[in-house]
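Novice: Here is a sequence together with a model predicted from it:
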Amino acid sequence: MDKSGITGRTYGFLWTRPNVLKPVEKWHFDRMQDVIDEPIVRGEIGIDVGSGCGFDSFIMARDNPSVRIVSMDISDGVFTEKKITAGLNNVEIIKGSALEIPLNGGIFDFAYSFGVLHHTPEPKKGLAEIARILKKDAPIFLYLYEDHSENFFKYMAIKLINLLRMLTTRVPKRVLYLLCYALSPVIYLFFTVPSKILGMFKTTEKIAENVPFNFGKGPFSLRGDLYDRFGAPIEHRFGRSELLGLLEEAGFTGTKISRMKDTAGWVCWGHKSK
């Protein structure tokens, strides 16, 4: 099985767990919209590329009943999403790869993708595929991992995790998830709690922003993030200029890049030029 198939199985395990069956009030979409200076959902039809279990697709469809949302993922999370979105009639769910989107070109008014392309073998090809299916002038909204090349502590933490991933990706998914569950309160105690304390003072708040895993919400809240870090068979990270170049090469103009608070990545958006 190629790495795309392994990635599908890795996240399929995560997105088919019983605790993800209940729809959420807010998810990544809401945090993305907070930092993007234009509406994400617009027009008649949009696509969520790499939708996981469909929380973002659910929110977009629920809050915009006149807009049709096509939700696509490579994993078995699509079966969970069918249950989550069962009460909505403006969601269409398909199983497919971001590198070979099984749809005609030039049909979507917007494309949204959170935390997906950096887990594919060819992010550049994924961008080209998303550009292909968008209408002219339609926007793309992405969240992608940052390389943290300007942050020594986070950069070295990434290097360490990359080394450990050579072993952890070989661990059975259920075992890895349990290990991440057990490790979550340890990471929370030694990283998140100190960062929260440092963030209380103006003189140290910049230091707090540089602490890895500073975004934990509770002792066990990091289990999914840890599973993502240690379980993903593929992980690309991008610098600002590199990402701008990739989007320009894929045919997007007017690109903007920002960050969400307490995340380890870029929020970027732009419009298809032709």
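Specialist: Perfect, thanks for sending it.

Novice: low-confidence ranges in the stretch 51-200 of the chain?
Specialist: Applying pLDDT under 70 to the stretch 51-200 of the chain picks out no residues at all.

Novice: for it, what spans make up the helices?
Specialist: The residue ranges that make up the helices of the stretch 51-200 of the chain, judged by DSSP state H, counting those that start in this stretch, are 55-63, 77-84, 123-133, 152-168, 173-187, 193-198.

Novice: Remind me what the second one packs against, helices and strands.
Specialist: The elements that helix 77-84 packs onto, with contact taken as 3 or more Cβ pairs under 8 Å, 6 or more residues apart in numbering; DSSP states H and E, are helix 3-15, helix 55-63, strand 68-73, strand 91-95. From N, CA and C alone the C-beta is placed, and that goes for glycine too.

Novice: can we see that at 6 Å?
Specialist: Of the remaining helices and strands, those touching helix 77-84 by 3 or more Cβ pairs under 6 Å, 6 or more residues apart in numbering; DSSP states H and E are strand 91-95.

Novice: Which strands border the strand it packs on, and is each parallel or antiparallel?
Specialist: Using DSSP bridges, strand 91-95 pairs in its sheet with strand 68-73 (parallel).

Novice: and the angle for the strand it pairs with with helix 123-133?
Specialist: With axes from the mean of the first three to the mean of the last three Cα atoms, to 10 degrees as the basis, strand 68-73 and helix 123-133 are set at 160 degrees to each other.

Novice: how much does strand 68-73 deviate in direction from helix 77-84?
Specialist: 140 degrees.

Novice: neighbours around the closest residue to residue 273 other than its chain neighbours, how many?
Specialist: Using Cβ to Cβ, 6 or more residues apart in numbering and skipping the chain neighbours, the partner closest in space to residue 273 is residue 253 (4.5 Å). Look at residue 253: counted by other Cβ atoms under 10 Å, it has 12 neighbours.

Novice: How many residues are close by the nearest residue to residue 62 once chain neighbours are set aside?
Specialist: Nearest non-adjacent residue to residue 62, counting by Cβ to Cβ, 6+ apart: residue 88, 6.3 Å away. The number of residues packed near residue 88 is 16, by other Cβ under 10 Å.

Novice: My guess is residue 88 contacts residue 59. True?
Specialist: No - using Cβ atoms under 6 Å, residue 88 is not in contact with residue 59, being 10.4 Å away.
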